[in-house]
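Student: What shape does this take:
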Amino acid sequence: IRPVHMETMNLTRARDTIRQTMQLLQDIESFHEVSTKSETILQQSPSHQLDAYLSTMDTVRKAVVYFEDHNPAHPEKTRLTRLQNTGYRFLEHEFHQVLERHSFAIEPDKLLEMSDESVSSALVLSADVVETLHKIANWLTEADTTAEMI
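Tutor: Got it, this is the predicted structure:
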């Protein structure tokens, strides 16, 4: 029985190693497919699908880190970096657009004439706008990008 048990343990170990190797290969393959899957999403404005856009940016960021760690000279890293930079620009642009759409300039002399209460009510943004700005600003901050508006 002992030789059969040893053989079973060896086969189990081999099976586990093969499974781990297969999982690693699938992970590597998925990093190579990120740019193809993400390009159409990141070439558009994030205004209508912000959560999907940010999720795609996270995926691209992880793929860039993978290539930086494992194969920095790979052409896919260059393509992913270009996509990532495009995504950053679109996010920064969206941030500015949301601010411009939902706020307005107050002349300095009118601002001085307004009471504190009327100033605060004039400067209030809707909860949806604040949430959108918050998501974009948090993502850009977490991604360690230096955005002019933050």
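
Student: Can you give me the neighbour number for Ser126?
Tutor: 9 (other Cβ atoms under 10 Å). Every C-beta, even on glycine, is put in place using the N, C-alpha and C of the backbone.

Student: And the one 10 residues further on, by the same measure?
Tutor: Residues lying near Ile136 (other Cβ under 10 Å) number 23.

Student: per-residue pLDDT, it?
Tutor: pLDDT, Ile136: 90.

Student: shouldn't it be in contact with Leu91?
Tutor: Yes: Ile136 lies in contact with Leu91 (Cβ atoms under 8 Å); the separation is 5.5 Å.

Student: shared neighbours of those two, anything?
Tutor: Counting by Cβ atoms under 8 Å, 6 or more residues apart in numbering, the residues touching both Ile136 and Leu91 are Pro46.

Student: now the lengthiest helix in the chain: mean pLDDT?
Tutor: Identified as the longest helix of the chain according to DSSP state H is helix 2-42. Helix 2-42 shows a mean pLDDT of 91.

Student: which other helices and strands contact it?
Tutor: helix 50-70, helix 75-102 (3 or more Cβ pairs under 8 Å, 6 or more residues apart in numbering; DSSP states H and E).

Student: Buried residues, stretch 73-83. List them.
Tutor: Buried positions in stretch 73-83, judged by neighbour count with 16 or more other Cβ atoms under 10 Å: 76-77, 79-81, 83.
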